[in-house]
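*Asks:* Structure, please.
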Amino acid sequence: MLRRASGAREATSYPLPRRRFTRYFTLIIVLILVGLGLTLARLSALSEASLRSGLSKPPPPPPTWESFPFLKRYHGGIRTLVSRAENKPEFPDPENNTLESTVQKDQEKQTAPSEDKGFQKRDIPQGQRFNPVKQDGIIECFLNEEKKSNVPQLLAYSGVPKGFPDPVMGSYDIFGLNGDVCFDRFGRLGPYGLGYSKRWGGSGAGMDGEREGADQVWGGKTEIDYREVNWAQAQQKCAQKNKNRFKPLLKGRNHFFTDMPVGGPEDKPKREEKQEKKLLARQAVVIRTWQDFQYDDEDMFYLRALVNELSLQSGGEYNVHFLVHVKDNDLPIWSDDFTYQRVLNDSLPLEFRGMGTLWSERQMSLIYGGIAETNYRGLPIHGAYRSTNMPLSYFAHMHPEYDFFWHWEMDIRYTGHFYHLFDKVGKWADQQPRKGLWERNGRFYIPSEHGSWDDFKHMVRVQTEHGTAHKSGMYEKISGNDNTQVRSQPPIWGPQPPTGEGDRIETENDPQPPTTPDKDNYSWGVGEQADFITFNPLFDPHATNWILAEDVTGYNTSAGFPPRRTAIITASRLSHRLLETMHRETALMRHSMFSEMWPGSCALHHGLKAVYAPHPVYIDRRWPTSYLAAVFNNGLHGASGGARTSVFSDERQHNFLGTSWYYHAGFPGNLWKRWLGYKVDGDGGEMEEVEGEGRMCLPGMLLHPVKHVDLIYEHREGE
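*Replies:* Next up, the predicted model:
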C-alpha cells in the first residue's frame, strides 16, 4: 500500500516553476518607463524655460512665398503659340493680387476639373530666321574664309505659348527687345551642335525625344562640323575685313616690366574726335574662366553662340576673349613663352585656342602691391573671390583699343540672340538722363505695380524728394523720437567722393554737372555712353545686413564707410574709362572693395554714368505683385537697399530663389533643363512633349546660374 500511495503522489504532483526571472524583468521594465517619463518631463520643462528666457528659439516658419502655387505655363509647348497681344498671361493676374486671393485661387484650382482635356494637337508652326543685326556696311564673315562656310543662323517662332507669364520685373518694351518671338531648343542650339551626330561634327545630344519640325533649323543644308572650326581665326579675319567701320585700332601696351626694355612705353596718342564721329566703338566680351574648367558640350553651345552672334554676325563689332585664372601660383607660366602657351592651350577647348589670356593671383599681388591685406572673412585681397575686377582692370589697361568690356560668366545662358540683347541694352543705357539715375538704379521696376517707365520715374522722384514712412532706425540706438522717419533724400548729382580723413582720389578728369538738378530738364546724360551697365539694381549696402558690405580696403573708416553701391552678379558692361579709373585707384591709391561693390562705388565716387538695365526677370510662383513689390523694394524710401529690411540682407535673400536671375536661384537651371527636354522633379520629358503640346518655346530670357547640365547622348556602336 505504501508503495502504491507513493506512486500515486508521483503521478499527480507538478512542482511550480520559479518566477524570480519574470519578476525581475517586469521590475526593470517598470523602472525604465518611469525613468523615461521623468526624463521627458524634465526636458520639456527645461525647453520651456529656455524659450521663456530667450536662450533658444523655435525653428522659424517657412518663407511666405513657399505657400504660393507654382506657375505652369512656362512649360507650354510650341503647338499652342499665340501672339503677345492675344495672350492672356497666367501671371501677373490683377484680379488676384493679395495673399488671401492667391491661396484661395490655388485651392480652387486643385478642386476644379482640368481645362486641358479637350486639347487638340496642332501642327508645328513654320519658323523663321532670326538675325537682329542691321547689315548696313557689314562685309559678310564666314566660319571658314577659304571654304566660304556661312555662319549659323537661329530659327525663331512668332508668338509665345498660350498663357505664358509676363516678366514680373523689367520689360522688353522699354529696350525695344522683341518679346513676341520664342525659341525652342533646336532653333536656339541646333545651329551650334544640338540634335545631330558626333560623326557629322555635332554633339550627339538631342537625337532622341520629340523632334517634329526640328529639321527646319538646318534648312536642308549640311550641319556644321565643329571639329573643323577655328573661332580665333574666324573672329580675327572678320574684324580685319570690317576694320573701316570702327575707330582706329590703338596699339596695345607691352609688358614692359617683364620685357625690361630701355625706358618705358610711350603714352597712347589721343584720338581725333572728328574722324570718329560715325565710327563704331570696339567692344570686348571677356569670359571669366579658369585653368582646369571642364568644358562639356552644353558649355560649347553657349560659347559658340557668343562668338557667332556677337562677333561674326555683327561684322566684328564685338571681340570674344577668355580670361583664364591659373589657380596654381607655383606654375611657372612667366618663365618662357613655351610654358605660357602650353598652359593656355591646355586650358581652352581646341576650337577656342588663340582667344585667351592667363592670369594668377600672384601676378595681381605684384601689379597691385602695397594694398593692405585685410583677409576679410579669411580670404586674400588679391583673390578671385574678393577682387574679381583686378585681372579685368589690368586686361583693360593692356588693351586700350577697346572702348567697352562686357564682363561675362560661364554659368549664364540666354534663350534669345545675344547681339539683340547687348545692342538694345547698350543703346537704351546711353539714352538715360543723369537726373534721378542713381535713385532709379536702386529700385526694381515692376510694371504690374509701377505702370509705364515714365510712371516709374515719377514715383522715384516723389520718393526721393518727399521720402516715405520707413522705420529706418528700428535697428539703431533707441532715441526719444519715433523711429518712423518721413524726410527727403538728397539726390545724387555729380561725383560723391569719400570724405574720410586722409582719403584721396584723382578727380581731375571726373565729369561735372553742367547745372543744378532743379534747372536740368532731364537732358544731362542723354546720348552719353554709360560707363557701367548692370543687370541687377545698384543698391546702397549701408545699414543693410549684406554680409560683404564692410569689405572696404584702403579707406579711412573710423568715422564711417565711403559711399558705396553694389550690384549682385558681376555680369556687366564697363567702359575703358571706368576700368582705367579702377586700375589707378587700386594701383596708386591702394583702394579696393568687394568684387560686386567696387565698380559701382568707383563710378559713384568719380561721377561716372552707371545704369541698371531692368531686363525681363521671371519668377516661378504666383506671388501677389503688391506683396512682391513690398518685399523687393523694402529699403530706405522705397529703394532696394539702405536699410536692414533690404531684400539684399542675408536673411532675406531667399526671396530670390524662384527668380530667373540671381547668384543662387534654383529656377534658371530647372527651366533650362526642362527646355532642353529633360525631366526635372518628375515633370517634363519626352512623353509629355510627344503626347502634349510639343517642345517648350521660350522668349529671350537671361538666366543665371545654369550649372552641370547632363546631356543625354546617342548610343554609338562600340561605346
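
*Asks:* sec struct for the residue nearest to D430 when sequence neighbours are not counted, please.
*Replies:* Nearest in space to D430, with sequence neighbours left out and distances taken as Cβ to Cβ, 6 or more residues apart in numbering, is Q529 at 5.1 Å. Where you see a C-beta, it was placed from the backbone N, CA and C, and this is true even at glycine. Using DSSP: H, G, I helix; E, B strand; the rest coil, the structure places Q529 in coil.

*Asks:* mind pulling up the phi and psi values for Q529?
*Replies:* When read as degrees, to the nearest 10, the backbone of Q529 gives phi -60, psi 130.

*Asks:* Please tell me how far it sits from L437.
*Replies:* Distance, Q529 to L437, by Cβ to Cβ, to the nearest Å: 14 Å.

*Asks:* Have a look at those two and say which one is more surrounded.
*Replies:* L437 (25 against 17; other Cβ atoms under 10 Å).

*Asks:* quick one: the more buried one and W524 touch, right?
*Replies:* No - taking contacts as Cβ atoms under 8 Å, L437 lies outside contact range of W524: 9.5 Å.

*Asks:* Just the local confidence number for S387, please.
*Replies:* As predicted, S387 sits at a pLDDT of 97.

*Asks:* tally of neighbours for it?
*Replies:* By the criterion of other Cβ under 10 Å, S387 has 26 neighbours.

*Asks:* List the contacts of it.
*Replies:* Taking Cβ atoms under 8 Å, 6 or more residues apart in numbering as the criterion, S387 is in contact with M364, I381, S592, S595, W598.

*Asks:* contacting residues around the closest residue to the last one other than its chain neighbours?
*Replies:* What that stands for is W598. Residue nearest to W598 in three dimensions, not counting chain neighbours: N389, with 5.3 Å by Cβ to Cβ, 6+ apart. Residues in contact with N389, defined by Cβ under 8 Å, 6+ apart, are T570, L579, M582, S595, W598, P599.

*Asks:* which of those residues lies closest to D411?
*Replies:* Comparing the contacts of N389 against D411 with Cβ to Cβ places T570 closest, at 11.6 Å.

*Asks:* now that closest one: how far from F91?
*Replies:* From T570 to F91 the distance is 30 Å (Cβ to Cβ).

*Asks:* next helix or strand past the lowest-mean-pLDDT helix or strand in the chain?
*Replies:* Using mean pLDDT, DSSP states H and E, helix 2-12 stands out as the lowest-scoring helix or strand of the chain, at a mean of 48. Downstream of helix 2-12, the first helix or strand assigned by DSSP states H and E is helix 20-53.

*Asks:* quick one: whichever helix or strand comes after that following helix to chain centroid distance?
*Replies:* Using DSSP H and E, the helix or strand that follows helix 20-53 in sequence is strand 81-82. Averaging C-alpha positions (Cα atoms, centre = their mean, to the nearest Å) puts strand 81-82 28 Å from its chain's average.

*Asks:* show me where the stretch 501-650 of the chain has strands.
*Replies:* Using DSSP state E, counting those that start in this stretch, the strands of the stretch 501-650 of the chain run over 532-534, 552-553, 572-575, 592-593, 610-612.

*Asks:* Figure out which of these is closest to S347.
*Replies:* The nearest among the strands of the stretch 501-650 of the chain, by Cβ to Cβ, is strand 572-575 at 23.8 Å.

*Asks:* Pull the closest one out as CSV, backbone CA atoms only.
*Replies:* This file holds the C-alpha atoms of strand 572-575, laid out as CSV (Å, rounded to 0.1, in the frame of the first residue of the first chain):
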residue,chain,number,x,y,z
SER,A,572,28.0,93.9,-66.7
ARG,A,573,29.3,96.3,-69.3
LEU,A,574,32.2,98.5,-68.1
SER,A,575,33.8,101.3,-70.1
